[in-house]
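Novice: After the sequence you'll find the predicted model.
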Amino acid sequence: MTSFADKVAAAAAAVRELFPETPLQENDYLSRKTGAHIFLKREDLSPVRSYKIRGAFNFFRKALAAGNDAELFVCASAGNHAQGFAFVCRHFGKKGVVFMPVTTPQQKIDKTRLFGGEFVEIKLVGDFFDACYRAAIEFTEAAGAHMVPPFDHKDIIEGQATVAYEIAGQMPAGRKADMVVLPVGGGGLAAGVTQYLREIGQDPRFVFCEPVGAPSLKTSLTSGKRVKLEAVDNFVDGASVAEIGREPFRHLKDFSESAVRLIPENRLCATMIEMLNIEGVVLEPAGALAIDALKDFPRKEMRGKTIVLVVSGGNFDFERLPDVKERALRFEGLKKYFVFRFPQRPGALRDFLDLLGPDDDITRFEYLKKSARNFGSVLIGIETKDRKNFDVLAKRFHEAGWAYQDITENETIAGLVI
């Protein structure tokens, strides 16, 4: 019987039809910052700027080799699987239909059309992936088509495992990974990488990263069974899945829930901006998960270790950049929002402005309502260059007798008015 490692090796050889190995690069900036040897597996440099092309290609390759003569192939994806699927449809000359959530970034929709050309049709259905996935399954059954799942299939997992095959061959001579950090959405990548490395005799510490708003793996590991989340935050669209895949969970179920790190979305945005400004690396939210996870480890725990981070994708829609910058500033404590009880009298605004320091900038000023004849509620956004400046402002506001509420971390109110 052919071993999983042998199957992965064959998949890796076959995928060379499409693209060369993605690089494994030691990153000087992150290495100096952590005291470790940080290697980035740059899946953002694949032809579709994510690792998803690997699983899609392997699935098609094996289906066609087995004599599958379906006229139509179907997939459901928040973006990256769709692009890989579209690229592979064109490569094999097969017609495909792509179901994507309506909320998918336009950049990913456009790129899917570009990669698939005349071989691919796109249908936008549902606000979240799971509704989109159900629609794709119903369409597949009605049309007699062949479904190409995004993560929940052994051939997909086998294809994603080629990432680990390349890592093993690309590590500098005499060096092996002490830790491998993997982003998790549906779990296909994590299942493939962990199984392959263990089977070839390598057993680094595995760390899995999920966004706080979509902890499907952590919740399932804690419960000892697959759990479907009632709601997910789809900001990290490439990893926001309500339920870990059945086949991936079969491979991951014996890991401790403590192996999963939940990454705050606003902190993740700060990492994206940091990598863009300092390293010139464009990452989508899911692609930055593994890098952001470094912030959870004490420096002494990483010092001298060899750590491999899988950078899963770089399909970032720059129309989202203002939102990402906003979230990053809020996480770093450089931007806050307040609701002030503003007196309705001449000179009140001047009195308020006189309290601001030279590095404090008003980015939002909006009357919400006049709560009384002599006062009104005003939304004020303030950005500064040093988070300590807000402590100074708070003291000045108190001494001047201003009534206000800091709503920066109040998700309910901030979601309504900001």
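Specialist: Thanks, I have it. The structure displayed is predicted, hence computed values, not measured ones.
Novice: From now on I want contacts and neighbour counts done on CA atoms only, so please keep to that.
Specialist: Noted.
Novice: what's in contact with stretch 319-335?
Specialist: Here stretch 319-335 makes contact (CA atoms under 8 Å, 6 or more residues apart in numbering) with 265-271, 273, 336, 381-387, 408.
Novice: I misspoke; the intended subject was stretch 181-194.
Specialist: 150-152, 156-164, 206-210, 216-217, 238-241, 243-245, 248-249, 251-252, 286-287, 289-290, 293, 307-310, 312.
Novice: Can you go through these and name the buried ones?
Specialist: Buried members of the contacts of stretch 181-194, scored by 16 or more other CA atoms under 10 Å, are 150-152, 156-164, 206-210, 216-217, 238-241, 243-245, 248-249, 251-252, 286-287, 289-290, 293, 307-310, 312.
Novice: which residues touch the residue most central in space within the chain?
Specialist: Computing the C-alpha centroid of the chain and ranking residues by CA atoms, centre = their mean puts residue 286 first, at 1.4 Å. Listed by CA under 8 Å, 6+ apart, the contact partners of residue 286 are 183, 236-239, 312-313.
Novice: now, which of those lie within helices?
Specialist: Assignment to helices by DSSP state H places none of the contacts of residue 286 there.
Novice: need the residues you listed in TSV with pLDDT and distance to residue 332, can you?
Specialist: Shown next, in TSV, are these (pLDDT from 0 to 100; distance: CA to CA, whole Å):
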residue	pLDDT	distance to residue 332
183	98	23
236	92	19
237	86	22
238	87	24
239	91	23
312	96	25
313	95	24
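Novice: State whether residue 88 and residue 57 are indeed in contact, as I suppose.
Specialist: Yes - here residue 88 reaches residue 57: they are 5.8 Å apart, a contact under CA atoms under 8 Å.
Novice: and of the contacts of residue 286, the nearest to residue 300?
Specialist: residue 183 (23.1 Å; CA to CA).
Novice: Just list whatever residues bridge to that closest one.
Specialist: Residue 183 forms beta bridges with residue 209, as assigned by DSSP bridges.
Novice: possible to save the contacts of residue 286 as JSON lines with distance to residue 368?
Specialist: Listed next are the contacts of residue 286 as JSON lines, based on distance: CA to CA, whole Å:
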{"residue": "183", "distance to residue 368": "41"}
{"residue": "236", "distance to residue 368": "31"}
{"residue": "237", "distance to residue 368": "32"}
{"residue": "238", "distance to residue 368": "36"}
{"residue": "239", "distance to residue 368": "36"}
{"residue": "312", "distance to residue 368": "42"}
{"residue": "313", "distance to residue 368": "40"}
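Novice: Output stretch 243-263 as PDB, restricted to C-alpha atoms.
Specialist: Extracted in PDB, the C-alpha atoms of stretch 243-263 (Å, rounded to 0.1, in the frame of the first residue of the first chain):
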ATOM      1  CA  GLU A 243     -17.000  24.000  11.100                       C
ATOM      2  CA  ILE A 244     -13.700  22.300  10.700                       C
ATOM      3  CA  GLY A 245     -13.700  19.700   7.900                       C
ATOM      4  CA  ARG A 246     -14.600  16.100   8.800                       C
ATOM      5  CA  GLU A 247     -11.500  14.600   7.100                       C
ATOM      6  CA  PRO A 248      -9.100  17.300   8.400                       C
ATOM      7  CA  PHE A 249     -10.400  16.900  11.900                       C
ATOM      8  CA  ARG A 250      -9.800  13.200  11.800                       C
ATOM      9  CA  HIS A 251      -6.100  14.000  11.400                       C
ATOM     10  CA  LEU A 252      -6.100  16.900  13.900                       C
ATOM     11  CA  LYS A 253      -8.400  15.600  16.700                       C
ATOM     12  CA  ASP A 254      -5.500  14.300  18.900                       C
ATOM     13  CA  PHE A 255      -3.900  17.700  19.200                       C
ATOM     14  CA  SER A 256      -4.500  19.600  22.400                       C
ATOM     15  CA  GLU A 257      -6.700  22.700  22.200                       C
ATOM     16  CA  SER A 258      -3.700  24.600  23.700                       C
ATOM     17  CA  ALA A 259      -1.900  24.100  20.400                       C
ATOM     18  CA  VAL A 260      -4.400  26.500  18.800                       C
ATOM     19  CA  ARG A 261      -3.800  30.300  19.100                       C
ATOM     20  CA  LEU A 262      -6.700  32.600  18.600                       C
ATOM     21  CA  ILE A 263      -5.600  35.700  16.800                       C
END
